[in-house]
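Asks: Requesting a structural model of the entry that follows:
(one chain, ligands or ions: 3)
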Amino acid sequence: MQNVHRKNIIFIGMPASGKSTAGVVVAKRLGYQFIDTDLLIQEQEKRLLKEIIAQEGNEGFLKIENQVNRDVQAEHAVIAPGGSVVYCEEAMNHFKKIGVVVYLKASFETIRTRIGNPRKRGVVLGEGQTLQMLYDERTPLFERYADITIDEDAIGKEDDMIDYILRVFQDA
Ligand SMILES: Nc1ncnc2c1ncn2[C@@H]1O[C@H](COP(=O)(O)OP(=O)(O)O)[C@@H](O)[C@H]1O
Ligand SMILES: O=C(O)C1=C[C@@H](OP(=O)(O)O)[C@@H](O)[C@H](O)C1
Ligand SMILES: [Mg+2]
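Replies: Ligands and ions are numbered 1, 2, ... in the order given. This next block holds a predicted model:
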């Protein structure tokens with residue numbers, strides 16, 4: 001794999017796919033910085049994500065999400081954006097430039113079980129849109145931007161997934 005050692009690792013995937021929890025452990029084990037861009041959004045806006053979504057609507061939130069992710073400057077960082085970042089074209093083009101994009105792919109059943117009620121979690125859902133519809137809408141976007149895909153259901157436990165990701169990057 002090219003240039004992995006000076007680049008960043010960016011996780012994409014559905015909410016609850018493990019971008020934030022796996023990301024922080026992978027960063028620690030590689031000696032990289034960890035950036036959860038959802039926290040940068042909250043810091044900039046001085047509001048919680050769910051408040052931004054409620055007050056600005058989905059389009060308003062995505063505009064902020066695009067701006068914050070597009071402006072991330074990092075080297076040797078693991079970056080965990082929110083799941084909806086794949087709708088943000090400028091942000092995704094930026095990530096493709098500054099790093100290797102890793103898609104944490106999990107089946108719909110796995111995501112549904114982990115999320116429970118998506119309306120409670122502050123997911124960017126359209127009116128009348130179900131989690132299944134959202135999953136089907138986003139899957140081709142995740143696939144389009146992914147440099148590497150990690151199939152969580154084939155790997156199993158979270159610890160095994162982290163070991164698997166580390167092997168991919170340590171062998172690169
Ligand atoms: N491979 C996995 N197996 C089981 N649980 C997982 C796995 N990956 C993540 N989880 C769990 O899913 C939940 C959501 O993870 P989180 O890191 O917040 O996802 P994201 O940032 O992608 O929304 C956490 O409770 C985490 O422990
Ligand atoms: O996928 C989404 O619509 C969202 C996912 C969240 O992040 P995680 O993917 O880290 O849960 C957060 O950015 C926001 O609530 C919207
Ligand atoms: Mg997260």
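Asks: so what's the backbone phi/psi at Gly126?
Replies: The phi/psi pair for Gly126 (degrees, to the nearest 10) reads phi -70, psi 170.
Asks: how near is it to Glu90?
Replies: Taking C-beta to C-beta, to the nearest Å as the measure, Gly126 falls 21 Å from Glu90. Just so you know, the C-beta spots here come from the backbone N, C-alpha and C atoms, and that holds for glycine as well.
Asks: Check the secondary structure at Ile41 for me.
Replies: Here Ile41 is recorded as helix under DSSP: H, G, I helix; E, B strand; the rest coil.
Asks: That one against Gln67, yeah?
Replies: No. Between Ile41 and Gln67 there is no contact under C-beta atoms under 8 Å: 9.0 Å.
Asks: More neighbours: which of those two?
Replies: Counted by other C-beta atoms under 10 Å, Ile41 and Gln67 do not tie: Ile41 has more neighbours, with 21 against 14.
Asks: Just give the nearest non-adjacent residue to the more buried one, would you?
Replies: Val68 (4.9 Å; C-beta to C-beta, 6 or more residues apart in numbering).
Asks: List the contacts of that neighbour.
Replies: Thr37, Leu40, Ile41, Gln44, Ala91 (C-beta atoms under 8 Å, 6 or more residues apart in numbering).
Asks: got the CA positions of stretch 105-114 in CSV?
Replies: Provided in CSV are the C-alpha atoms of stretch 105-114 (Å, rounded to 0.1, in the frame of the first residue of the first chain):
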residue,chain,number,x,y,z
LYS,A,105,-18.9,-2.6,6.8
ALA,A,106,-21.5,-4.3,8.9
SER,A,107,-24.7,-6.0,7.9
PHE,A,108,-28.0,-4.2,8.3
GLU,A,109,-29.0,-6.6,11.1
THR,A,110,-25.8,-5.8,13.0
ILE,A,111,-26.3,-2.1,12.7
ARG,A,112,-30.0,-2.3,13.6
THR,A,113,-29.3,-4.3,16.7
ARG,A,114,-26.6,-1.9,17.9
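Asks: how close does the residue of the chain found nearest ligand 2 sit to ligand 1?
Replies: Relative to ligand 2, the nearest point of the chain is Gly82 (2.0 Å; C-beta to the nearest ligand atom). The spacing between Gly82 and ligand 1, counted by C-beta to the nearest ligand atom, to the nearest Å, is 7 Å.
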